[in-house]
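Participant: Just a sequence and a predicted model for now, questions to come.
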Amino acid sequence: FKLSKKKNFVTTISDIKKKNEFSNIKNFYNKNKKDIFFENHPKKIIKKANLIVITPGIIKSDKDLKSILKNKKTISEIDFFQKLSRWPYQKIISVTGSYGKTTVCNYLQKKLINTKKIKKIFYAGRANRTLCSLPKYKKNYLLISEIDYQLLAPSRNFCAKYNIISSLNNSANHIFKNSKLYYKCKAKLISNNRKKNFLVLSKKTFSKIKINKIGNSNVIIKKNYANSILQSKVLVNEIVELIKYK
């Protein structure tokens, strides 16, 4: 909402929850109340909109995803970020997975912090700061983006040069009846990526994504480890080496 306003777009925002569940945003609401709706978004406004940004929580079933992807006016939150922020894809590391995303991101940040090529490292995701709240890109900035399947599901264009899938397990899928659809959403990190990129993952994870075309991805498959912390470190070390020498 704030990013869109900065670009001088006429913007409205809504949440499926009730207004009384948002007592912590009182000041924000008072400043923008004519543009904020609760429980549903007025159909009249949606019909007139040029762009509809889909955020996590909106997709609740296979049918919802199909309907959203069919609508050409819809755009995922992460696609919206990349479209408006102008962060170069070469300066983005994307991390997804059923489990271990946060561990990987934290370890990445620690490993990269002393790299002389990098001026500043940003870590964004649903649990901390959102991608759309990042500052304007400056030379030698680097972004570690933690992306869950709710962000990836409606994505059509989001891309990063460096990508990690930490793990794949359908037990973390709380929305889709079809596990293949869940895995397909995770694989969008590279299946939607039309630019040269790197994907690092374990042999076990690679066997689950089952996509026909790797496209422009240089896939680096690492040995399987039963210890999830060790697996995370192995994946991260590969990305760090790529950033240092590629």
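Facilitator: That came through fine.

Participant: and stretch 155-164, C-alpha only, in CSV?
Facilitator: The C-alpha trace of stretch 155-164 is given here as CSV (Å, rounded to 0.1, in the frame of the first residue of the first chain):
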residue,chain,number,x,y,z
SER,A,155,3.6,-15.2,-9.1
ARG,A,156,4.2,-15.0,-12.9
ASN,A,157,7.5,-13.0,-13.2
PHE,A,158,9.4,-12.8,-10.0
CYS,A,159,13.1,-13.7,-10.5
ALA,A,160,16.4,-13.8,-8.6
LYS,A,161,19.9,-14.7,-9.7
TYR,A,162,20.5,-17.0,-6.7
ASN,A,163,17.9,-19.4,-5.5
ILE,A,164,17.7,-22.0,-2.7
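
Participant: which parts of that stretch are buried?
Facilitator: By 16 or more other Cβ atoms under 10 Å, the buried positions in stretch 155-164 come out as 155, 158-164. Glycine gets a C-beta too; all of them are placed from N, C-alpha and C.

Participant: Would you point out which residue is most central in the chain?
Facilitator: Nearest to the mean C-alpha position of the chain, counting by Cα atoms, centre = their mean, stands Ile147 at 3.3 Å.

Participant: Quick one: residues contacting it.
Facilitator: Going by Cβ atoms under 8 Å, 6 or more residues apart in numbering, Ile147 touches 78, 94-96, 101, 125, 158, 189.

Participant: Now compare the residues you listed and name the two farthest from each other.
Facilitator: Lys101 and Phe158 (15.7 Å; Cβ to Cβ).

Participant: Out of the contacts of Ile147, which is nearest to Ile113?
Facilitator: Nearest to Ile113 among these is Val95, at 16.3 Å by Cβ to Cβ.

Participant: what's the neighbour count on the closest one?
Facilitator: Neighbour count for Val95, taken as other Cβ atoms under 10 Å: 29.

Participant: my guess is it is in a strand, correct?
Facilitator: Yes - the assignment for Val95 by DSSP: H, G, I helix; E, B strand; the rest coil puts it in a strand.

Participant: Please identify the residue most distant from the middle of this structure.
Facilitator: Outermost residue of the chain (Cα atoms, centre = their mean): Asn30, 29.6 Å.

Participant: Look up which helix or strand that one falls in, please.
Facilitator: In the assignment (DSSP states H and E), Asn30 maps to helix 26-32.

Participant: Show me what counts as buried in the following helix or strand past that helix.
Facilitator: Downstream of helix 26-32, the next assigned helix or strand under DSSP H and E is strand 36-38. Across strand 36-38, burial judged by 16+ other Cβ under 10 Å covers Ile36.

Participant: same for strand 36-38, what does it pack against?
Facilitator: Other elements packing on strand 36-38 under the criterion 3 or more Cβ pairs under 8 Å, 6 or more residues apart in numbering; DSSP states H and E are strand 13-15.

Participant: all strands in this protein, in order from the N-terminus.
Facilitator: Using DSSP state E, the strands of the chain run over 13-15, 36-38, 52-54, 74-76, 92-96, 120-124, 141-146, 162-165, 197-202, 217-222.

Participant: Skipping its backbone neighbours, what lies nearest Lys244 in space?
Facilitator: Excluding the flanking residues, the one nearest Lys244 by Cβ to Cβ, 6 or more residues apart in numbering is Thr115, at 6.7 Å.
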